[in-house]
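Colleague: Fold the following for me, if possible:
(one chain, ligands or ions: 2)
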Amino acid sequence: MYQRVVLVHYHEIGLKGKNRGSFEQRLLANLRFLLGDFPVVDIHRISGRLVVFLKEGCDLALACACEEAIARIPGVARASCGFKCPRTMDDIGRAAIAAAAEAEPFATFKVQARRNHTDFEVDSMQMNRDIGGVLCEAYPEKQVRMKAPDVQVDVEVIQNSAFVYAKSIPGIGGLPVGSSGRVACLLSSGIDSPVALWRMARRGAVCIGVHFSGAPVVSDASEYLVDDIAQVLQETGCILKVHTCALGDYQREISVLAPPPLRVILYRRLMFKATERIARAEHARALVTGESLGQVASQTLANIAATDQAVDMPVLRPLIGTDKQEIIAAAQELGTFEISSQDAPDCCTLFMPRAPETHAKLDAVLEAESAYPVDEWAEALAHDAIVREYASPLSKKRS
Ligand code: ATP
Ligand code: MG
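Modeller: Residues are numbered from 1 along each chain as shown. Ligands and ions are numbered 1, 2, ... in the order given. Take a look at the predicted model:
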């Protein structure tokens with residue numbers, strides 16, 4: 001049997017011109033780190049792809065598990081299980097038979113051969129015909145189909161060897177984490193914010209979570225849920241740390257004096273101010289929230305404007321144009337939905353007014369806020385945050 005490999009295809013990073021090298025290096029480093037539990041011998045860049053070489057004796061089930069893990073990593077457009085073999089037509093034919101067997105069930109196929117060195121004596125058209133012939137002999141019940149076959153058997157001939165693969169799965173796409181700088185994500189234990197964080201990570205951002213719990217006024221249960229969520233995000237290298245701030249006492253103070261309809265906006269402005277301070281200390285350049293327009297009272301355009309005014313950094317809202325069903329589907333795919341569906345009081349359920357303002361006027365908000373030393377509070381919240389680190393290719397911490 002030939003050596004098992006998983007080929008890693010990427011589109012978007014292939015388009016980055018001069019930056020291409022650094023994007024590939026980033027993806028390669030992320031794969032090395034995240035595939036630590038698989039029997040990987042090495043990972044190399046080979047003619048516009050990365051190839052993950054698996055240890056001798058690695059069986060199909062383990063190779064498929066590795067392929068699936070790779071497909072979930074940001075920056076991967078497609079992952080394909082296959083074989084590396086010597087550069088002879090006999091070997092390529094045998095590897096094609098083995099690769100096709102693993103792509104069962106299928107009724108139709110075609111061969112797509114490429115050689116990136118013209119020193120190989122057989123050209124790609126001829127390879128297509130010859131390997132196609134070998135497969136027709138091995139599988140007389142299968143049909144060749146050029147347009148939309150069930151399975152495509154790829155052959156790539158490089159300088160010293162050939163790769164043959166037939167079993168491909170689509171990847172998550174996007175850019176490798178670590179290629180777009182850092183962001184600070186307001187992470188509740190709800191459904192939306194983990195999805196927002198994930199969307200940013202898929203665009204290459206390194207994410208630092210910031211969670212506000214209702215401690216010491218209510219239990220710290222939300223902190224445990226956020227930790228569980230971060231463990232899921234850690235699997236794809238998306239999250240570096242979570243800062244947890246105890247907001248309960250500050251919320252209580254705000255709720256004593258502030259006009260009830262404005263309370264939610266005041267809580268949120270305080271969260272933004274503390275998060276901005278944490279972001280600066282962490283060299284992050286934007287805040288991220290899981291808001292979606294009109295979803296709840298605090299997410300109207302007027303209220304968004306009134307909270308954004310509390311900070312200087314850009315506030316990114318990757319879910320602003322999505323609806324709840326789409327977000328739930330994304331959370332299910334990500335693996336955070338079950339955790340987020342558990343009930344835990346976080347800060348926002350405390351001291352909630354009966355009728356929150358939906359069209360906050362900035363003057364009124366600023367006036368209500370002027371009763372409190374909010375900048376001092378924000379400083380204290382950021383300073384007293386408890387920081388938990390997660391295993392990430394961008395940190396020193398190993399899982
Ligand atoms: P989520 O499901 O993400 O909690 P939501 O629909 O419940 O969102 P809100 O509670 O209004 O909406 O929160 C909007 C956004 O504000 C959240 O997506 C999150 O980014 C941030 N946020 C809310 N509560 C907290 C919290 N306790 N800690 C950190 N961020 C929070
Ligand atoms: Mg919430």
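Colleague: And for the residue lying closest to Leu50 once chain neighbours are set aside, the neighbour number?
Modeller: Excluding the flanking residues, the one nearest Leu50 by C-beta to C-beta, 6 or more residues apart in numbering is Val8, at 4.1 Å. For every residue, glycine as well, the C-beta is placed using N, CA and C. The tally of other residues near Val8 (other C-beta atoms under 10 Å) stands at 25.
Colleague: quick one, helices of the protein?
Modeller: 20-34, 60-71, 89-102, 124-138, 192-202, 221-234, 248-257, 263-281, 301-308, 324-334, 337-340, 362-369, 374-383 (DSSP state H).
Colleague: for the last one, packing partners?
Modeller: In this structure, helix 374-383 packs against strand 239-246, helix 263-281, with contacts taken as 3 or more C-beta pairs under 8 Å, 6 or more residues apart in numbering; DSSP states H and E.
Colleague: again, only using 6 Å
Modeller: In terms of contacts (3 or more C-beta pairs under 6 Å, 6 or more residues apart in numbering; DSSP states H and E), helix 374-383 is packed against helix 263-281.
Colleague: ok, now the shortest one?
Modeller: Secondary structure elements in contact with helix 337-340, counted by 3+ C-beta pairs under 6 Å, 6+ apart, are helix 221-234.
Colleague: and the helix it packs on, how far from the chain's centre?
Modeller: Distance, stretch centre to chain centre, for helix 221-234: 15 Å (C-alpha atoms, centre = their mean, to the nearest Å).
Colleague: that older thread, can you check what pLDDT the model gives the residue nearest to Leu50?
Modeller: Looking at Val8, its pLDDT stands at 97.
Colleague: how far away is it from Ser80?
Modeller: Remark: distance between Val8 and Ser80 (C-beta to C-beta, to the nearest Å) = 8 Å.
Colleague: try Thr358
Modeller: 51 Å.
Colleague: between the two, who's got more neighbours?
Modeller: Ser80 (25 against 15).
Colleague: Which residues are in contact with the residue of the stretch 1-150 of the chain found nearest ligand 1?
Modeller: Taking C-beta to the nearest ligand atom, ligand 1 has its nearest neighbour within the stretch 1-150 of the chain at Pro74, 19.9 Å off. Neighbour list for Pro74: 172, 174, 176-177, 201-202 [criterion: C-beta atoms under 6 Å, 6 or more residues apart in numbering].
Colleague: Who wins on neighbours among these?
Modeller: Neighbour counts for the contacts of Pro74 peak at Val177, which has 30 neighbours (criterion: other C-beta under 10 Å).
Colleague: my guess is that one contacts Glu235, does it?
Modeller: No: judged on C-beta atoms under 6 Å, Val177 makes no contact with Glu235 at a distance of 12.0 Å.
Colleague: So which bits of the stretch 101-250 of the chain are right by ligand 2?
Modeller: Residues of the stretch 101-250 of the chain that fall close to ligand 2, judged by C-beta under 5 Å from the ion: 188, 190.
Colleague: which parts of the stretch 101-250 of the chain sit against ligand 1?
Modeller: With C-beta under 6 Å from any ligand atom as the criterion, the stretch 101-250 of the chain meets ligand 1 at residues 186-188, 190-193, 211-212.
Colleague: give me the residue from this structure nearest ligand 2.
Modeller: Among all residues of the chain, Gly190 sits closest to ligand 2, at 3.4 Å; criterion: C-beta to the ion.
Colleague: mind checking how far that residue is from Leu62?
Modeller: Distance, Gly190 to Leu62, by C-beta to C-beta: 36 Å.
Colleague: Spit out the contact partners of the closest residue to ligand 1 within the stretch 51-200 of the chain.
Modeller: Per C-beta to the nearest ligand atom, Gly190 is where the stretch 51-200 of the chain lies closest to ligand 1, at 2.3 Å. Remark: with contacts taken as C-beta under 6 Å, 6+ apart, Gly190 is in contact with Ser340.
Colleague: same for the strand ranked longest in the chain, what does it pack against?
Modeller: Longest strand of the chain, by residue count under DSSP state E: strand 162-173. Packing contacts for strand 162-173, counted by 3+ C-beta pairs under 6 Å, 6+ apart, involve strand 76-85, helix 89-102, strand 151-157.
Colleague: buried set for the longest one?
Modeller: In other words, helix 89-102. Going by neighbour count (16 or more other C-beta atoms under 10 Å), the buried part of helix 89-102 is 89, 91-100, 102.
Colleague: Closest one of the residues of the stretch 101-250 of the chain next to ligand 1 to Gly57?
Modeller: Nearest to Gly57, judged by C-beta to C-beta, of those is Leu187 at 41.4 Å.
Colleague: Surely the closest one is in contact with Val195?
Modeller: No: Leu187 is beyond contact range of Val195, at 10.7 Å (criterion: C-beta under 6 Å).
Colleague: Distance-wise, check Val315 relative to Thr300.
Modeller: 15 Å.
Colleague: Next: Ala355.
Modeller: For Ala355, the distance to Thr300 equals 14 Å [C-beta to C-beta].
Colleague: So between these two, which is more surrounded?
Modeller: When Ala355 and Thr300 are compared for neighbours, Thr300 comes out ahead with 17 against 8, by other C-beta under 10 Å.
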